[in-house]
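Peer 1: Have a look; sequence and predicted model below, questions after that.
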Amino acid sequence: MHAIDDIDYGTPRKVSDTMVTLQVDGSAVTVPAGSSILYAAQAAGRRIPKLCATDSLEAFGSCRLCLVEIQGRRGYPASCTTPVEEGMRVRTQTPRLADLRRGIMELYISDHPLDCLTCPANGHCELQDMAGAVGLREVRYGYDGANHLEVPKDESNPYFTFDPSKCIVCSRCVRACAEVQGTFALTIDGRGFASKVSPGQRESFMDSECVSCGACVQACPTATLMENSVYQMGQPDRAVVTTCAYCGVGCSFKAEVKGDQVVRMVPNKDGHANHGHSCVKGRFAFGYTTHPDRILKPMLRKSIDEPWKEVSWNDAIGYVAGEFKRIQAGHGSDSIGAITSSRCTNEETFLVQKLVRAAFGNNNVDTCARVCHSPTGYGLKTTLGTSAGTQAFDSVEKAGVIVVIGASPTDGHPVFASRMKRRLREGAKLIVVDPRAIDLVRTPPGIEAACHLQLQPGTNVALINSLAHVVVTEGLANEAFALERCEPADYQKWKAFVSQQTYAPEQVEQVTGVPAAQIRQAARLYATGGNAAIYYGLGVTEHSQGSTMVIGMANLAMVTGNLGREGVGVNPLRGQNNVQGACDMGSFPHELSGYRHISDAGVRGLFEKEWNVTLNPEPGLRIPNMFDAALDGSFKAIYIQGEDFAQSDPNTQHVESALRAMECVVVQDLFLNETAKFAHVFLPGSTFLEKDGTFTNAERRIQRVRKVMPPMAGLADWEITMAIANAMGYSMHYDHPSEIMDEIARLTPTLRGVSFEKLDRLGSIQWPCNDNAPEGTPTMHVGQFVRGKGKFTMTEYVATEERTSRKYPLILTTGRILSQYNVGAQTRRTGNVAWHQEDVLEIHAHDAEQRGIADDAKVSVASRAGNVVLTARISDRIQPGVVYTTFHHPVSGTNVITTDNSDWATNCPEYKVTAVEVSPVARHSEWQRQHRDFTARQQALLKERETIEA
Amino acid sequence: MNTLYIPQDSGALSLGAEGVARAVQSEARKRGEELRLVRTGSRGLYWLEPLLEVATPSGRVAYGPVSASDVPSLFEAGVLRGGSHALCLGPIEELPYLKQQERMTLARVGITDPTSLEDYAAHGGFRGLRNALGLSGEQIIKEVMDSGLRGRGGAAFPTGIKWKTADATPSPQKYIVCNADEGDSGTFSDRMIMEGDPFVLIEGMVIAGLAIGATQGYIYLRSEYPHAYRVLNLAIEKAQSAGYLGGDVLGSGKSFHLEVRRGAGSYICGEETALLESLEGKRGVIRYRPPLPAVSGLFGQPTIINNVITLASVPLIFDRGAAFYKNYGTGRSRGTLPFQLAGNVKRGGLVEKAFGLTLSELLYDFGGGSFTGRPIRAVQIGGPLGAYLPEALFDTPLDYEALSGVQAMLGHGGIVAFDDTVDMASMARFAMEFCALESCGKCTPCRIGSTRGVEVIDKILRNRNRKGNLHLLRDLCDIMVSGSLCGLGGLIPNPVLSALKHFPKDFGIEETEELH
Amino acid sequence: MPIESGEAIARIAKALKHKPGALLPILQEIQEQLGHIPSEAVPIVASELNLTRAEVHGVVSFYHDFRSEPPGRHVIRICQAESCQAMGSAVLTAFAKTHLGIDFHETTADAAFSLEPVYCLGNCACSPAMAVGKEVYGRMTPQRFQEVLQEVAGKSE
Amino acid sequence: MDVQRLVKMANDIASFFEAEPDTSKGARGAADHLKNFWDPRMRRQLLSYLDEQGGAGLKSIVLEALRQHRLEIAGQQPPDR
């Protein structure tokens, strides 16, 4: 069912340069050519009854309720499928039409239960509305004829129920699955009166190809497909527009609420990133926000072996401030630091880095982007001049060639993946660069990558150089673009560099394992297939040469002229909701907001004046440096807002030692996560539903987060940070996050024009937004690059030090899956566990056979850093020699085995390449057993906590 | 050497033609007689099938209906020289049933060997194509327009306009699709062409391809016609080898490829948009229009989709000229139509005539009245979606306009006769049942309405609130007519309402009863 | 489903998948060779054509011809359409059902015959008509029905 | 901090700038990188490693960077950009 406050125009809005004026019931209406009569009528405020039409789907013409009369035409054309014509005269309401519509409704209701009062859609049901609209008063057929009233419900999906007895066979679900989501998991089974909606081969939703995106539920006009939460709670009464807090797509949602309870999340049709679509996480997996595991009182303990003690907010904040000051007094002002979170709002992130720089008096602030997209920042800034993706998501609709490198959009960025799939089905060509056969390599129906360059993990740079080699040596370069838009000397040097024989595909084949012919084919396609757009993920950045690879992709885009307009570009797919924003806000130790180096006295001056402090001009410690410094004894306390690096960061045992070495670990989070088990202070954080603010998605789009309910623990995250600052003696005062954004805008040229007021007005803004671009900038680098001339930069391939050996002959690479999110702290506390109860190790049949490993067997995965035990899954998605797993479950300890290697420029960890050996075992690894015991102990300490009265 | 002709048409085969052919061969061997046995299509005189013809100096002499057991006596009587026998019908061309016809589209059916290119050429085949090859696409389309040819599948849409629309839509790939999903009960002329003269269809499709620059054609054939499938494939193979199809049609440098695809048991796939869906490998559900298939048809490309008879009429137009063709017929119904006489008639078969003869001429002059000898009570014209007409209307001339004047339609030219034992209420019920069975399920009036239609008629027949239910039935028919997405739901009320109108007694309605 | 059937299905799909709109020809060939389209065929065909199982299932379930269970050795289809009704197909049908002891869409216990309705065989001038396999029979009577059955049963032995 | 980790990190940086044929430019790049991204205590530790242990294990380009741009890296002089 669509959102409670949406207007449904019946058919999609069409874009055309030609406008058409027609008469609808005597009123003139002007709409774009190609619009349907139904659209025109709805736009004119005329309500034509309809059931199969909805504006998220192309017209279908099946319900026949929207029939109209057109002067000069015979019969009663359906207004949804009839395009407008100039001068057309349409009547939408006549006695004759009323008779026909009533007759059709009579047919519908003759095969529909009469249980409106107990139906979950009661009060928000299109069938009910239409019966009312057409004035249905009786069903003369009676109710004793053939019907579908006895067809049983399918309750297999954790989030919604399929009740076929209520189905009117409008096919909106089937079409939504195809047109909106692009999965085609639904069909109509049979034909005629026996037609019924069927997931897969007449099976349950869970057994079918359904990915539970919920598009069908949203499309359903009745209670046939209905959220279980509506079954349980009834209809919501108001809607709050907000932004999803899962991935970097940044879907806009209407949180539909009853009191302060969220009944359901409905993707916002006006959302500029998602256009009314969502995935299983954003739409359904919000139950964690009220999960009983949430900790709602601040807690303290002197040592991690003691039970927790609940304290008041005042005491907790006072304790933190006291400890931080004590430690700084004893060990120097550089001995403490903080981590901002890509999960939190821009405003909260900004405050944490302000806390560090202004109140701590150092630059020891970093963000979790360190471990995901820091190379993006470095690489794109070096070559193009700014640390962000170049395009809007909409741009993909203009792409002729789509290159996906080291990403699996259908898992990580499903809503954007649906857009991408639609474009691919329209005929765009696809190049996939990935060691693993991600879904997109071959997705039914009809998507097949033109090239899948299945390279050895760790050889990205060799491959990208080879693609450039082919472009340059085969004369496919866009010389005019390169010479005009880029630094010519650097271009010439770079050309000579990539032209070296070392990077000829025939040589690179030896390194990457990708056949030379495929490299050449891909390069030619990229260079000559029209607009070519690169989308990439952590398979690019999380390498020892992550930054180099980002530079390499920018080089390739520059040399082919694929920058500065729609349909092209170099686009990071950001993992977390606010990775872009956290980076923009100055979360890195070397940068202030807007990517300005801390050493720049002019920039510092602005902040010093606004903040009334003197800032340290030297960069601070990055996350891995903090761990090293902690072990070294020079870093003693940390304030961690919403991150769980004990699970997410590499080489877990190293991280754990560092945490144990600190004197005051302050964790601000929702749950007692892995890191919090090592904490001395726990400050209960707030979810995205509990506060106001903004997130910035992967396309630089700033969108509002709006408070749906008050913070369950009493304070929003920004209020906690503010309290710590004040307690430490640095005065901060904001009444509302909008004031923080105002300060950000004052201090940041690229965000100068951003305010909550403008966001409310425009819906969203893509930065840069300032006097030059008052409504934002969808496409970057139009006309010229942000840095002026583009800078070609040489990218020598240097093999990682992580090599296979006789002892560790396989390469482990990691990623994630659709239903789970990152460390899983949220998704594991939702119905999403139905899809993914544990992390499994994907292994090729050949490697499994050699090691005597059966499908579903327990296997040890051992690296130079450690070993864990996982369940093996034999898979042909990976090639022999490579194994793959996810890191959503703490017990898996995937990061126990990942190493300390990192990107040369940013220290982003090399998660994607770990040499391992896999062998069958019977029980969990030593680390896992210790972890289990430690977790049990920490849970007990939590349980034993001294509580205070509410 | 003597030449004998026995049809391989599936109608003839259904009556034992294969056995007759075998008996003839074995009898000839036994008697040491040399003969050439040609397997032809059917003349369409089905009450005489299996029909055996022998070439004599004075033309072909026919015997029929022949059974295998008659063969020895036929030989005894000198069948090879046209000897007299109880089954001898004399010179075939002199039979009034044939003589009174105007065989144009089906001129060769029953005469030639369907898969012999030589035979086809010897009987005027490929002359139209050769002429068309000398014309531009525009000229070809103009010729078709000038001929007045209208679609013979039922909708009677002017063929030239359809071609022109497809021609005017630019696209690198266009298609010609032949609708050979002849599903109407009482029709078999498409089958007779495909089994009896497949080259004429192929030729027509090539000309259509030349007209709009389409290089690929498909014949969508219903799966119930396995013999036609075999013959068409054989004919395509031969046409291909001889250069009438393929990459370089008769050295013109133009290409046209042709493939037969079978349906899978779905009446609705005779509707052109459902047919296209089916041809694309999908569920055969109706597409809404616009866009027209001529603009966006098969795989979204401009597509001409015409019925078998329509396309098979094209070569003649290019052989003899548009004026020649247009000369036949009446009003806006130009040319000839192969009428098909079926059901309860004495002499069922194919009657190709110019538009304009009356129903009673067909039923009695050609058909000889009912098979059972009882009075003909009702006739359904135009297949399962056509109206039932009572005897009072048998003088209606058979053309598109005259029939629509009596709320009937000519459709594909099928005529099914019923004698006075028919129960017209059960025929009305059957119409709804058929619609329910064949509904694609997309639009509501057809999907639910057809099932409710059966139920309402049942209630009427069981005399449950008859008056109310009669009213409801009319309302339902009204909604189906005005609201359905395609002709199945939109036309199925024709048989229902015409039965109700002309045969109210069968519904238990007394003549004095108020109907509305 | 036996492994050989799976292999045969994959072979058929591979051989025909290059055709535009290949799904129907593939399904027809599978039914031709296996007598029916087992549900296990759906994922195989879907995977070869890069379609979803739902799409293939939707198509299989749409067409009357496709059957998911194996038929008897001979499939008898008796025309139920108007022309044959006018010539007594109801009597013929009733006789056939009694004679075979089965209803439409059923198969005799000895798996010899399946009985199906059909709506027009294009043999309307020789009504009532029926088909056994691909062979059509016209002017059917109960008497002739028995003869035809004997004939085909004899042929198959 | 573990100086061997710093050595490895510095060498990783060096590997990138080794692509530059003009080694002085390469050293400049490496030096800038250290200056821009490393906390001063790490930079100072690396310099003392150079002074006290001769910088064993450091790639030549790092050594050149440390020697040529010592004051900047030590944080005693602003970079000459």
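Peer 2: Perfect, I can see it now. Remember, predicted model here, so these are calculated numbers, not experimental data. Residues are numbered from 1 along each chain as shown, chains lettered A, B, ... in the order given.

Peer 1: number of nearby residues for residue 17?
Peer 2: No chain specified, so I'll use chain A. 6 (other Cβ atoms under 10 Å in any protein chain shown). To be clear about C-beta, it is placed using only N, CA and C from the backbone, and glycine gets the same treatment.

Peer 1: That was the other one, I meant chain C.
Peer 2: Neighbour tally, C:K17, other Cβ under 10 Å: 15.

Peer 1: OK, contacts around it?
Peer 2: Shown in contact with C:K17 (Cβ atoms under 8 Å, 6 or more residues apart in numbering or on different chains): C:26, C:48-49.

Peer 1: among these, who's most crowded?
Peer 2: Going by other Cβ under 10 Å, C:I26 tops the contacts of C:K17 with 25 neighbours.

Peer 1: Next one: that one from C:A13, what distance?
Peer 2: According to Cβ to Cβ, to the nearest Å, C:I26 and C:A13 sit 5 Å apart.

Peer 1: Now narrow the contacts of C:K17 to whatever sits close to chain A.
Peer 2: Applying Cβ under 8 Å from any Cβ of the partner chain to the contacts of C:K17, one finds that C:L49 fall near chain A.

Peer 1: Which of the contacts of C:K17 fall in helices?
Peer 2: Those of the contacts of C:K17 mapping onto helices are C:26, C:48-49, per DSSP state H.

Peer 1: Output these as CSV; include the columns distance to chain B.
Peer 2: Converted to CSV, the ones in helices among the contacts of C:K17 look like this (distance: Cβ to the nearest Cβ, whole Å):
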residue, distance to chain B
C:I26, 8
C:E48, 12
C:L49, 8
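
Peer 1: Need the overlap of contacts for C:I26 and C:A13.
Peer 2: Here C:I26 and C:A13 have C:45, C:48-49 as joint contacts, going by Cβ under 8 Å, 6+ apart.

Peer 1: just those now: which is nearest B:A23?
Peer 2: Using Cβ to Cβ, C:V45 comes nearest to B:A23 of the shared contacts of C:I26 and C:A13, at 45.2 Å.

Peer 1: Do you know the pLDDT at the closest one?
Peer 2: As predicted, C:V45 sits at a pLDDT of 98.

Peer 1: and if you look at A:S56?
Peer 2: We note a pLDDT of 95 for A:S56 in this prediction.

Peer 1: Can you report how many residues neighbour it?
Peer 2: Residues near A:S56, counting by other Cβ under 10 Å, number 23.

Peer 1: excluding its backbone neighbours, what's nearest it?
Peer 2: A:G276 (5.3 Å; Cβ to Cβ, 6 or more residues apart in numbering or on different chains).

Peer 1: Which residues of chain A lie near chain B?
Peer 2: A:59-64, A:67, A:75-76, A:78, A:81-83, A:99-100, A:103-104, A:107-108, A:110-111, A:140-141, A:145-146, A:168-169, A:171, A:187-188, A:190-195.

Peer 1: Next, the most centrally placed residue in chain A: secondary structure please.
Peer 2: Here the mean C-alpha position of chain A is nearest to the C-alpha of A:C247 (Cα atoms, centre = their mean), at a distance of 2.0 Å. Here A:C247 takes the coil state, with states given by DSSP: H, G, I helix; E, B strand; the rest coil.

Peer 1: Was I right to think it contacts A:Q580?
Peer 2: No: using Cβ atoms under 8 Å, A:C247 is not in contact with A:Q580, being 11.6 Å away.

Peer 1: which residues do those two both contact?
Peer 2: With Cβ under 8 Å, 6+ apart as the test, A:C247 and A:Q580 both reach A:R574.

Peer 1: Now chain C against chain D: closest residue?
Peer 2: Closest contact between chain C and chain D, by Cβ to the nearest Cβ, is at C:N50 (41.6 Å).

Peer 1: how many neighbours does that residue have?
Peer 2: The burial count for C:N50: 14, using other Cβ under 10 Å.

Peer 1: Check A:A178 too.
Peer 2: A:A178 has 24 neighbours, counted by other Cβ under 10 Å.

Peer 1: closest to chain A among the ones in helices among the contacts of C:K17?
Peer 2: Chain A lies nearest to C:L49 out of those, by Cβ to the nearest Cβ, at 8.0 Å.

Peer 1: ok, for the closest one, nearest residue in space, not its chain neighbours?
Peer 2: Closest residue to C:L49 apart from its sequence neighbours, by Cβ to Cβ, 6+ apart: C:K17 at 5.6 Å.

Peer 1: can you tell me how far the one you found sits from C:I9?
Peer 2: For C:K17, the distance to C:I9 - Cβ to Cβ - is 12 Å.

Peer 1: How is the residue of chain A found nearest chain C classified with respect to secondary structure?
Peer 2: Per Cβ to the nearest Cβ, A:T187 is where chain A lies closest to chain C, at 3.2 Å. Secondary structure assignment for A:T187 (three-state DSSP): strand.

Peer 1: Grab the nearest non-local neighbour of it.
Peer 2: The spatial neighbour of A:T187 that comes closest, neighbours along the chain excluded (Cβ to Cβ, 6+ apart), is C:G58 at 3.2 Å.

Peer 1: same question, A:P809
Peer 2: Nearest non-adjacent residue to A:P809, counting by Cβ to Cβ, 6+ apart: A:E917, 6.3 Å away.

Peer 1: Torsion angles phi and psi at A:E842?
Peer 2: Main-chain torsions, A:E842, degrees, to the nearest 10: phi -80, psi 130.

Peer 1: right, and it touches A:V883 too?
Peer 2: Yes: applying Cβ under 8 Å, one finds A:E842 in contact with A:V883, separated by 6.4 Å.

Peer 1: Compare those two and say which is more crowded by neighbours.
Peer 2: Using other Cβ under 10 Å as the criterion, A:E842 and A:V883 rank with A:V883 on top: 27 against 21.

Peer 1: ok but that one is inside a helix, no?
Peer 2: No: judged by three-state DSSP, A:V883 forms no part of a helix; its state is strand.

Peer 1: now the strands for chain D?
Peer 2: Under the criterion DSSP state E, chain D contains no strands.

Peer 1: Give me the helix or strand of it that scores worst on average pLDDT.
Peer 2: helix D:70-74 (a mean of 90; mean pLDDT, DSSP states H and E).

Peer 1: near chain A at all, that one?
Peer 2: No: using Cβ under 8 Å from any Cβ, helix D:70-74 stays clear of chain A, coming no nearer than 10.2 Å.

Peer 1: That helix: how far from the chain's middle?
Peer 2: 9 Å (Cα atoms, centre = their mean, to the nearest Å).

Peer 1: Using CSV, write down the CA coordinates of that helix.
Peer 2: What follows is helix D:70-74, C-alpha atoms only, in CSV (Å, rounded to 0.1, in the frame of the first residue of the first chain):
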residue,chain,number,x,y,z
ARG,D,70,64.0,17.2,7.2
LEU,D,71,62.9,20.5,8.7
GLU,D,72,59.4,20.3,7.2
ILE,D,73,59.0,16.8,8.2
ALA,D,74,60.1,17.6,11.7
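
Peer 1: so what's the backbone phi/psi at the closest residue to C:S127 other than its chain neighbours?
Peer 2: In space, and not counting its chain neighbours, C:S127 is closest to C:M87: 3.9 Å by Cβ to Cβ, 6+ apart. When quoted as degrees, to the nearest 10, the phi and psi of C:M87 stand at phi -110, psi 20.

Peer 1: ok, now A:Q668?
Peer 2: Per-residue torsions, A:Q668: phi -110, psi 110 (degrees, to the nearest 10).

Peer 1: Give me the neighbour count for the residue lying closest to it once chain neighbours are set aside.
Peer 2: Excluding the flanking residues, the one nearest A:Q668 by Cβ to Cβ, 6+ apart is A:L683, at 4.1 Å. Neighbour count for A:L683, taken as other Cβ under 10 Å: 29.

Peer 1: Which other helices and strands does whichever strand or helix holds A:L683 contact?
Peer 2: Assigned by DSSP states H and E, A:L683 belongs to strand A:681-684. With contacts defined as 3 or more Cβ pairs under 8 Å, 6 or more residues apart in numbering or on different chains; DSSP states H and E, strand A:681-684 has these neighbours: strand A:299-300, helix A:313-331, strand A:664-669.
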